[in-house]
Structures are given as structure tokens and as C-alpha cells.
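**Student:** Here is my input, please return the structure:
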Amino acid sequence: MSQQAHIAVDLGAESGRVILGTIESGRLSIREVHRFRHLPIPTPGGLCWDLTGLWRNILDGLREAAAQAKSRSLTPVSVGVDTWGVDWALLGPGDTLLGLPRCYRDPAFSTGFESVTARVKPRNIYDATGIQLMPINSLYQVATRYEREAGLFEVAKHLLFMPDVFHWLLSGRACVERTIASTSQMVDVRTGDWNRALLDKLGLPTSALSTPTDPGTAVGTITDAVAAATDLPGDLKVVLPPTHDTASAVASVPAQAGTDWCYLSSGTWSLLGAELAEPCITDAAADANFTNELGVNGTVRFLKNIAGLWLVQEVRRHLARQGKDLDYAELTEQAAGAEPFRTLLPVNDPVFAQPGHAIDRIQIYAQQSGQPVPDSVGQLVRCCLESLALEYRQTLEVMERVLNRSFSVLHVVGGGGKNGLLNRMTAHATGRTVVVGPEEATAMGNLLTQAMGVGAVENLDAIRNIVAASVDLQTVEPDPSKRDEWSTAATRYAQLPPSEPFHAEPSE
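**Tutor:** So this is what the prediction gives:
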């Protein structure tokens with residue numbers, strides 16, 4: 001009998017991958033079989049995702065997964081897709097998509113945020129959903145689109161989030177997975193179902209909202225067309241992973257049950273939080289703007305979104321346009337040699353969230369805040385990394401106060417864990433033991449939840465035990481001799497002023 005294999009489609013906001021995974025002797029082995037780049041596309045209707053391009057690349061990856069499985073005498077038994085959160089599309093009569101899904105970075109959605117919060121107090125929205133208020137959330141996207149394109153919603157049969165769209169393309173079955181739905185700020189995290197009372201109060205349509213489905217659910221098999229296009233077996237099951245990529249990443253945190261651990265999912269975005277049995281929707285949580293999103297086996301991901309490595313990525317893109325094409329290892333090496341704590345940035349300030357002119361934004365903020373202006377590559381990158389580590393410290397301390405708990409271990413998962421300098425900074429800044437790995441957290445959580453869905457893995461604890469046995473974890477301890485300098489820097493960071501409006505002349 002051949003060994004079973006699972007296929008994960010892991011879509012980030014800039015790149016996608018198809019990964020083949022097998023479990024043997026309590027260990028998960030993964031192999032990336034296809035990787036591709038993708039970016040949102042400007043259209044007259046707004047910033048949209050290239051859905052057909054994404055689907056074509058997914059089919060190419062599935063075809064390669066089938067070929068590699070055959071060459072290794074593996075039997076593919078399941079496939080599942082995870083993506084970034086909040087973005088969605090409408091499915092109409094005759095299984096017709098009603099337009100392209102919009103990108104959360106479309107500036108038009110800020111008007112929806114203003115409109116919704118003018119009608120319902122932000123605190124009441126938080127109480128109704130438990131979700132951090134961010135203009136990118138689906139609630140404000142829906143409000144914007146409904147105001148401008150009400151006719152689409154009148155004929156829509158289903159509202160599907162991005163991974164739901166691909167599961168529909170794979171299986172022909174339209175359903176909404178619960179972890180991705182919980183990112184929308186349209187779900188009551190206490191019930192795991194849509195907060196129709198809130199949506200009704202806002203005058204938003206609800207007829208296209210189907211009851212969310214739990215991760216680990218098999219929704220059907222691939223269609224005949226997909227089987228023919230990929231050479232995968234027609235009985236291949238489509239099993240919902242935790243379809244929000246952060247939910248998949250948190251599912252694979254290799255923590256021991258009963259220990260005082262928290263997590264940092266590190267990539268373009270950083271998500272720092274704790275896993276809870278019940279949501280925390282208190283005055284303190286609301287004031288701190290923490291979010292409660294749903295996870296595997298009924299868990300709650302209590303977390304805060306942090307800018308993450310986005311700003312470093314933007315600096316790299318700016319440098320490349322100036323003719324300095326440096327990889328991340330070179331950027332980090334130069335940052336390591338730069339003067340510490342020279343310039344600090346409020347990484348979550350909206351001025352740094354928009355693409356383009358990253359170096360201009362940093363240098364102008366330094367001038368505005370009376371700090372030395374970074375001009376070398378090392379200075380630019382170091383101020384981003386140190387500021388990010390200080391934001392982690394501040395967020396972790398706030399979370400401990402909100403939950404009235406302390407955490408001794410911070411698990412860093414995701415691709416950001418490759419940055420050893422940032423890991424060391426994080427340990428020193430937070431004063432906590434930092435355990436790094438797995439880098440492939442999202443893919444591993446996706447694959448192992450599929451395995452749980454077909455009965456090959458028992459539960460969430462078993463998933464984490466398999467991950468811990470499958471990767472080499474790196475432990476970084478804080479250096480007591482650096483405690484005072486990081487505490488001084490943390491005081492400076494907490495006192496940074498907000499940015500003034502950005503009006504730099506284009507330099508890219």
C-alpha cells in the first residue's frame with residue numbers, strides 16, 4: 001500500500017506555493033513543488049486580485065504535485081487552501097463570479113470605515129464581534145461595495161472569502177470556513193456565526209452569508225475538470241484547513257500543552273498573541289484593540305496585528321529602484337553593523353502602511369521627530385528591525401495586563417524567523433525566551449489539519465507534537481547585560497510622536 005500524501009496551497013499577499021506533505025513515524029515531511037509571484041492589479045473599478053492568474057498557477061502546482069507523488073509512489077488523499085484574510089468575492093446565479101475580488105489595500109475602503117463607525121460606535125462594533133478595528137476588515141469593504149454596487153448583492157448567492165473561492169473552484173461546493181470568516185468583523189466570535197443583528201443595524205445584506213464550516217471538514221472531492229487538468233485522482237478530498245494563514249500557522253506552534261507560551265507569526269505582517277479557550281472581549285481588550293479570531297478545535301486566537309517586515313520589504317524595493325538590488329541576508333548583515341538605537345519608528349503609524357517611497361517616509365519622520373536621519377542601508381534597516389522588536393515588547397506587555405497572565409516563552413513561527421538578528425533583538429527587547437520555528441508554519445498547519453480531517457491525526461495537541469518532532473527548533477535567550485539599554489529604548493519608543501502627513505517628492 002502506498003503512502004498517503006496531502007497537498008497544501010498556501011497563498012500569501014505577494015506569493016503562492018503548492019506543497020506536498022507526508023506523515024511517517026510521527027514526523028511531517030514537506031516538499032515545495034511550485035512557487036509563484038502575484039500582486040494586486042489596478043483596474044478602473046479598484047485594486048483587484050488576478051483571480052484567473054492565481055487559479056492557473058494553482059492548477060500548475062497541483063499538476064506538479066501529482067507528478068511528484070506518482071514518482072515517489074505516494075497517494076494524494078486531500079488538498080486544502082489557506083490565504084491572507086478579509087478579502088472576498090460574490091458568487092451569483094449559475095456559479096458565476098460577480099467581478100474580481102478587491103485587495104484590502106484599496107484606499108477606497110477607508111470611506112466604508114468612516115461610514116460604518118459614524119452609524120455604530122466603534123466600541124459597539126468591537127463588543128459585537130470581538131475583532132480589532134481596522135479599515136481593511138471585510139465589514140468596511142462590504143459597506144463600501146454595497147453603497148456603490150448594491151445590485152451585485154441583490155443577485156449574489158454566496159459571499160466567499162479568498163480560500164473559499166478556491167475550494168469552490170476545486171470542488172464545485174460553495175462554503176465559508178470559520179477561521180477566515182472570523183477575520184471579517186462580521187462574525188460574533190462567541191458563537192462562531194454571523195452577527196446578523198449588527199449587519200441589519202448597518203443596513204447591509206445578509207442573504208449571501210452561509211453558516212461557517214469548521215476547519216478539518218471534508219467538503220467534497222475535486223471536480224472532474226480539475227482531475228483531468230492536474231492528473232490527480234478523482235476521489236481526492238477537498239478538506240478545509242484553517243484557511244486564514246495565521247490560523248494555520250498558530251495551529252502548528254510546537255508548544256507543550258499547559259505551559260505559559262505565546263506566539264508571534266512573523267512575516268509581512270506580524271501577529272502577536274495567545275491561544276485562549278474563550279474570547280476576551282473586555283474594556284481592557286477593547287482599549288488595547290486586540291482581536292479575537294477563531295482557530296482549530298474551538299480555540300480563540302487573541303492577538304494584535306503589527307506591521308511586521310513590510311517596512312523592510314518596502315525599503316528593499318525602494319533600494320532596488322535606485323539600482324541597489326540587495327537580498328534580505330545582505331540587508332540584515334548591514335543592519336547588524338549599524339549603530340544601535342540611533343533612530344526609532346512607530347511601525348504601526350499609517351504613514352508606513354502605504355506602498356512606495358519607504359526611504360523618504362523614514363527619513364522625513366526622523367526629521368519630524370528630531371532624530372538622526374538614517375541614510376545608509378544599515379541604518380535604514382536597523383531602525384526598522386529595532387522598532388519592530390520594541391513594538392513586540394510593548395504589545396506583549398499590554399497583552400499580559402489585559403489577560404492578567406504572564407508568558408515566559410515566545411514562539412516565533414513563519415518566514416520572519418529566518419531573520420536571526422530580529423530574533424535576537426526580540427529576545428533582548430521582551431526579556432523572554434524566544435523559540436524559533438517552524439519557518440513553514442502555515443503550510444504545516446494546513447497539511448496537518450487536512451490529515452486530522454481524514455482521520456490520520458487525532459487533534460490539535462497531536463498536530464503540535466508532530467511539528468515539534470519534525471523541525472529543528474532554535475532557542476534564543478535574552479542577554480541580561482542588554483536589559484537596561486532595551487528598557488531605555490522602550491521608553492523612547494513609547495514616547496514617539498505620530499507622523500505628520502507625507503508629502504515627499506517622488507524619488508522612486
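**Student:** List the buried residues in whichever strand or helix holds residue 146.
**Tutor:** Using DSSP states H and E, residue 146 falls within helix 138-148. Across helix 138-148, burial judged by 16 or more other C-beta atoms under 10 Å covers 138-146. All C-beta atoms are positioned from the backbone trio N, CA, C, and that covers glycine.
**Student:** Let me have those residues in CSV, adding pLDDT and distance to residue 460 as columns.
**Tutor:** CSV is the format used below for the buried residues of helix 138-148 (pLDDT from 0 to 100; distance: C-beta to C-beta, whole Å):
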residue, pLDDT, distance to residue 460
138, 98, 26
139, 98, 28
140, 97, 32
141, 97, 31
142, 97, 31
143, 97, 35
144, 96, 36
145, 96, 35
146, 96, 37
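**Student:** Tell me the one of the residues you listed nearest residue 470?
**Tutor:** Proximity of the buried residues of helix 138-148 to residue 470, judged by C-beta to C-beta, is greatest for residue 138, which lies at 33.8 Å.
**Student:** Test my guess that the closest one contacts residue 187.
**Tutor:** No. Taking contacts as C-beta atoms under 8 Å, residue 138 lies outside contact range of residue 187: 9.5 Å.
**Student:** what's the longest helix in the chain?
**Tutor:** In the chain, taking DSSP state H as the definition, the longest helix is helix 377-403.
**Student:** the domain parsing of the chain - what is it?
**Tutor:** 1-79, 83-229, 310-389+490-494 (automatic domain parsing).
**Student:** looking at these, which is closest to residue 276?
**Tutor:** With C-beta to C-beta as the criterion, residue 276 lies closest to domain 83-229 of the domains of the chain, at 10.4 Å.
**Student:** Any idea how far apart the tips of the closest one sit?
**Tutor:** 22 Å (C-alpha to C-alpha, to the nearest Å).
**Student:** Over to stretch 304-323?
**Tutor:** From its first residue to its last, stretch 304-323 covers 36 Å (C-alpha to C-alpha).
**Student:** Buried residues of stretch 476-487, list them for me.
**Tutor:** Buried positions in stretch 476-487, judged by neighbour count with 16+ other C-beta under 10 Å: 476, 478, 482, 486.
**Student:** any residues touching it, and which ones?
**Tutor:** Applying C-beta atoms under 8 Å, 6 or more residues apart in numbering, the external contacts of stretch 476-487 come out as 340-341, 390, 393, 423-424, 426-436.
**Student:** CA atoms only for that stretch - export them in CSV, please.
**Tutor:** Taking C-alpha atoms only, stretch 476-487 is exported to CSV below (Å, rounded to 0.1, in the frame of the first residue of the first chain):
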residue,chain,number,x,y,z
VAL,A,476,17.3,32.4,21.8
GLU,A,477,17.7,33.6,25.4
PRO,A,478,17.7,37.3,26.4
ASP,A,479,21.0,38.8,27.4
PRO,A,480,20.7,40.3,30.9
SER,A,481,23.5,42.7,30.1
LYS,A,482,21.3,44.3,27.4
ARG,A,483,18.3,44.8,29.7
ASP,A,484,18.9,48.4,30.6
GLU,A,485,19.6,49.7,27.1
TRP,A,486,16.5,48.0,25.7
SER,A,487,14.4,49.4,28.6
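**Student:** possible to save the buried residues of stretch 476-487 as CSV with secondary structure, pLDDT and distance to residue 13?
**Tutor:** Shown next, in CSV, are these (DSSP: H, G, I helix; E, B strand; the rest coil; pLDDT from 0 to 100; distance: C-beta to C-beta, whole Å):
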residue, secondary structure, pLDDT, distance to residue 13
476, strand, 98, 27
478, coil, 98, 32
482, helix, 97, 34
486, helix, 98, 31
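**Student:** the helices in the stretch 351-500 of the chain, which residues?
**Tutor:** Under the criterion DSSP state H, counting those that start in this stretch, the stretch 351-500 of the chain contains helices at 358-368, 377-403, 420-430, 441-453, 460-470, 483-494.
**Student:** Now do the last one against helix 420-430, angle only.
**Tutor:** Counting by axes from the mean of the first three to the mean of the last three C-alpha atoms, to 10 degrees, helix 483-494 lies at 90 degrees to helix 420-430.
**Student:** before we move on, the earlier item: just the buried residues of helix 138-148 now: which is nearest residue 152?
**Tutor:** Nearest to residue 152 among the buried residues of helix 138-148, with distances taken as C-beta to C-beta, is residue 145, at 7.2 Å.
**Student:** Give me the local confidence score for the closest residue to residue 332 other than its chain neighbours.
**Tutor:** Nearest-residue entry for residue 332: residue 421, 5.1 Å, with adjacent residues in sequence omitted and distances by C-beta to C-beta, 6 or more residues apart in numbering. Among the per-residue scores, residue 421 shows a pLDDT of 98.
**Student:** and if you look at residue 168?
**Tutor:** With respect to pLDDT, residue 168 scores 98.
**Student:** can you check residue 505 too?
**Tutor:** So residue 505 comes in at 59 (pLDDT).
**Student:** again, but for residue 15
**Tutor:** On the pLDDT scale, residue 15 is placed at 90.
**Student:** Please apply the same query to the one 10 residues further on.
**Tutor:** At residue 25, the pLDDT value in this model is 96.
**Student:** again, but for the one 5 residues further on
**Tutor:** Per-residue pLDDT puts residue 30 at 98.
**Student:** Is it in contact with residue 19, as I believe?
**Tutor:** Yes. Counting by C-beta under 8 Å, residue 30 does reach residue 19; the two are 5.4 Å apart.
**Student:** okay, and the common contacts of those two?
**Tutor:** Joint contacts of residue 30 and residue 19 (C-beta under 8 Å, 6+ apart) are 8, 440, 443, 447.
**Student:** Counting neighbours, which of these comes out on top?
**Tutor:** Top of these by neighbour number is residue 447, holding 34 neighbours under the definition other C-beta atoms under 10 Å.
**Student:** what number of residues lie near the residue nearest to it when sequence neighbours are not counted?
**Tutor:** What sits nearest to residue 447 in space, not counting adjacent residues and going by C-beta to C-beta, 6+ apart, is residue 21, at 3.8 Å. Residue 21 has 25 neighbours, counted by other C-beta under 10 Å.
**Student:** is it possible to export the shared contacts of residue 30 and residue 19 to a markdown table including pLDDT?
**Tutor:** Listed next are these as a markdown table, based on pLDDT from 0 to 100:
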| residue | pLDDT |
| --- | --- |
| 8 | 98 |
| 440 | 94 |
| 443 | 97 |
| 447 | 98 |
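**Student:** which stretches of the stretch 1-150 of the chain have low pLDDT?
**Tutor:** Residue ranges of the stretch 1-150 of the chain with pLDDT under 70: 1.
**Student:** Show me where it has its strands.
**Tutor:** Using DSSP state E, counting those that start in this stretch, the strands of the stretch 1-150 of the chain run over 3-11, 15-24, 27-37, 41-43, 46-48, 74-82, 88-92, 96-97.
**Student:** tell me which residues of the first one are tucked away?
**Tutor:** When you say that, I think you mean strand 3-11. Using 16+ other C-beta under 10 Å as the test for burial, strand 3-11 gives 4-11.
**Student:** Can you list the helices and strands that the one helix or strand residue 262 maps to packs against?
**Tutor:** Assigned by DSSP H and E, residue 262 belongs to strand 261-266. Secondary-structure packing of strand 261-266 (3 or more C-beta pairs under 8 Å, 6 or more residues apart in numbering; DSSP states H and E): helix 245-251, strand 270-276, helix 377-403, strand 409-413.
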